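Asker: Sequence and predicted structure below; questions after.
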Amino acid sequence: MRTMERRVAAAAGLLSLALGATTALAAAPVKTESGLVSGVVADGVQSWKGIPFAAPPTADLRWRAPRAAAAWTGVKEAKAYANDCMQLPFPSDAAPLGTPPAEDCLYLNVWAPEKPAAPKLPVMVWIHGGGFVNGGSSPAVYDGSQFARRGIVFVSFNYRLGRFGFFAHPGLTKESPDAPLGNYGYLDQIAALSWVQKNIAAFGGDPKNVTLFGESAGGGSVNTLMVSPLAKGLFQKAICESGGGRANGPLAAPVLKAAEATGVAFAKLVGVEGDDAAALAALRKLPAADVVRNMNMMSMGQQRDSYSGPMVDGKIVPEPVEDAFRAGRQARIPYMIGANNREFGFFAPPPAAVDGMLARFGADKDKVLAAYDPSGTGDKGDVGVGLSSDGAMVEPARMLARLTAQAGQPTWAYRFSYVASSLRAATKGALHATEIPFVFATVRAKYEAATTAEDEALAAQANAYWAAFAKNGDPNAEGLPKWPAFTAAGDVVMDLGVGGAKAGPDPWKTRLDFVERAAQAPPQPRP
C-alpha cells in the first residue's frame, strides 16, 4: 500500500509540475444530466475530474453493457481523478497511474479554457492505451490543460480492461442472446462518447465538432469505433497513434465463439464449471484480483489461453477493421494516422527470431535485409526491431491512410522520430508511446528537470498540429511547417523529429512495400 501511495503522490507532484504551481480556485458549478459538478480553475484552465459517466460496473453489472449513472442532488465535487479501472500496474509503464485501480472506474475528466473565445469550442476525446489490460486517464502526461489553452474542450475517460472489459462465455450468451456481448470496454468507450454528446455543451464544447483520438490500444479503439455501428455519429474527426490495423497481424482479434472458449478456460481455472445462471453468478462474485489473475502488459502473453482481448462480436465490432476499411464501411471523416519510427526498440530480438521473421519474405529475404540494414552493419537485432515495429504499427498505418485517402477522406500521415534530448545518446529512435507527452505538451511532467528547450519546441509543434486538426479537420495552421494531405500516389508523411517537423515522400517506402506484400500473402503451411 505504501508503494502505491508513493506512486500516487509522485504522479500528483508531476501533475502539479505540468500545470504550474498556481493555487487552484473553485470553478462555477456546471449542470450535467446527472447533476451539478464543481471543478477548479488554474492557469487559465478550468477542469473537472472524476465525473461518473456510467454506473459502477460491479456485482451483477459485471460483464453487462454500461448503465446510466445515478443522479445526485446538490453539487458533486469533481476536483480529483477517480479510480482507474481494475488492473495490475507494471513498473515500466510509460504513463504510470495517478490513482489506485478499482472495478468501480467509469469516470471521465474535462478541461476547458477559463475564458472561452467562442460559445461552442471544438472537443477532443482521448482514449488511453495499455494493451487493453493497463492504463487509465489519471497519468500526468495525459493532462489536457495545454489543449484547453489552445481553445479546446478536452475529455479523457476510463474503460474496463482485461477480463472485465473483454470477456465472452456461453453463459453470458445464453443470458442475453440479443445483447451486444464480449467487448464491454468498447461499450464503455461508446457510453463516454454518448455522455459527451449529451453534456459537453454545458462545458462550452460543440458536440458536433468532436475529434476522437488515442494511442496503441486507444488508437486501435479509434479505428474500431470508426467501423462500429453503435458509435455512428458520435465523433466527426479521428486520430490514430500507433494503433495497428492489419486483420491478420499480431493484433488480430478472435471471433466471439473462439472468445467464448477462452472464457470457459478461464472459468475452469477459477473453479467454475457450466454455463448456467449459477455459473455466471459465481463468476460475478469472484474477487476483482481473481479476475485479473496477475495479468498485465508484461505477462498477458502467458495468459493467452484464458484471456481473449477484444473480439469480432458481430454487433459492437461487426468485422475486422481492415476488412471494413477496404470495403469503405468506415466513418467517412477527416483522419490522421501514424506511428513511431522505433516502436518496439525496448529490446532486440535474438538472431534466430530475426531469421524467422526474414523467412516470411521467401526469395526476397536478402533484399529485405538490405532494406533494413542499408549500411551492412550485420546487426540482426536492429533489423528485427524494424521488422516488428513496421509489421505491427508503421505499415498498417500506411495501409489505412491509403484506404481512407482512396475513399476521399481528408487524410494526413505522420511518423514520429523525436527522442527526448536527455535520452538521445542511448536511444536510437522513438519508442512506443513516447510521442504522447509531446502531443499533449506535457514533456515536463515526463522528463522533469531534464526537459530542454528543444523538447518543448517539438512539443509545441506537435500539440499545435493536433489542436489545429481538432478545430478544422486539417493539421495546418499559421506558423507551422506545411503538412500536405496524404495520397497513395504521393506517399508524403510528416516526420516529427529532431530539428522539427518536416514533410516529404516516405523514405521507408521500399521496406514497407516488402512488409505489405508479406502481409497480403496467404499464410504458409507449417512444415
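Answerer: That came in fine, so what should we check first?
Asker: shaky segments in the stretch 1-150 of the chain?
Answerer: Low-confidence segments of the stretch 1-150 of the chain, defined by pLDDT under 70: 1-23.
Asker: Do a quick rundown of the strands in it.
Answerer: Ranges of strands within the stretch 1-150 of the chain are 25-26, 30-31, 36-38, 40-42, 45-52, 75-77, 84-85, 101-102, 107-113, 121-127, based on DSSP state E, counting those that start in this stretch.
Asker: Now distance to Glu454 too, for those, in TSV please.
Answerer: C-beta here means a position set from N, CA and C on the backbone, and glycine is covered the same way. Converted to TSV, the strands of the stretch 1-150 of the chain look like this (distance: least, CB to CB, whole Å):
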stretch	distance to Glu454
strand 25-26	34
strand 30-31	39
strand 36-38	39
strand 40-42	27
strand 45-52	25
strand 75-77	40
strand 84-85	32
strand 101-102	35
strand 107-113	26
strand 121-127	25
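Asker: Quick check: which of these is nearest to Pro484?
Answerer: Of all those, strand 121-127 sits nearest to Pro484, with 22.4 Å by CB to CB.
Asker: Give the other helices and strands that the closest one contacts.
Answerer: strand 153-157, helix 184-199, strand 205-215, helix 217-227, helix 453-472 (3 or more CB pairs under 8 Å, 6 or more residues apart in numbering; DSSP states H and E).
Asker: For Arg444, find the nearest of the ones you listed.
Answerer: Proximity to Arg444, assessed across the helices and strands packed on strand 121-127 by CB to CB, is greatest for helix 453-472 (7.8 Å).
Asker: quick revisit: Asn294 is nearest to which of the strands of the stretch 1-150 of the chain?
Answerer: That would be strand 101-102 among these, by CB to CB, at 13.3 Å.
Asker: Show me what the closest one pairs with in its sheet, parallel or antiparallel.
Answerer: strand 84-85 (parallel) (DSSP bridges).
Asker: And for the partner strand, what's in contact with it?
Answerer: 97-103, 105-106, 135-138, 158-161, 164-165 (CB atoms under 8 Å, 6 or more residues apart in numbering).
Asker: now with 6 Å?
Answerer: Applying CB atoms under 6 Å, 6 or more residues apart in numbering, the external contacts of strand 84-85 come out as Leu97, Thr99, Pro101, Cys105, Gly136, Ser138, Asn158, Arg160, Leu161.
Asker: any chance of the strands of the stretch 1-150 of the chain in JSON lines, with mean neighbour count and distance to Lys315 too?
Answerer: Output for the strands of the stretch 1-150 of the chain, formatted as JSON lines (neighbours: other CB atoms under 10 Å; distance: least, CB to CB, whole Å):
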{"stretch": "strand 25-26", "mean neighbour count": "10", "distance to Lys315": "43"}
{"stretch": "strand 30-31", "mean neighbour count": "16", "distance to Lys315": "33"}
{"stretch": "strand 36-38", "mean neighbour count": "19", "distance to Lys315": "32"}
{"stretch": "strand 40-42", "mean neighbour count": "18", "distance to Lys315": "40"}
{"stretch": "strand 45-52", "mean neighbour count": "23", "distance to Lys315": "25"}
{"stretch": "strand 75-77", "mean neighbour count": "15", "distance to Lys315": "33"}
{"stretch": "strand 84-85", "mean neighbour count": "27", "distance to Lys315": "22"}
{"stretch": "strand 101-102", "mean neighbour count": "19", "distance to Lys315": "28"}
{"stretch": "strand 107-113", "mean neighbour count": "26", "distance to Lys315": "24"}
{"stretch": "strand 121-127", "mean neighbour count": "27", "distance to Lys315": "20"}
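Asker: what about Arg517, how many neighbours?
Answerer: 14 (other CB atoms under 10 Å).
Asker: Need the phi and psi values for it.
Answerer: Note on Arg517: its backbone torsions stand at phi -60, psi -40 [degrees, to the nearest 10].
Asker: ok, it - contacts?
Answerer: Applying CB under 6 Å, 6+ apart, no residues contact Arg517.
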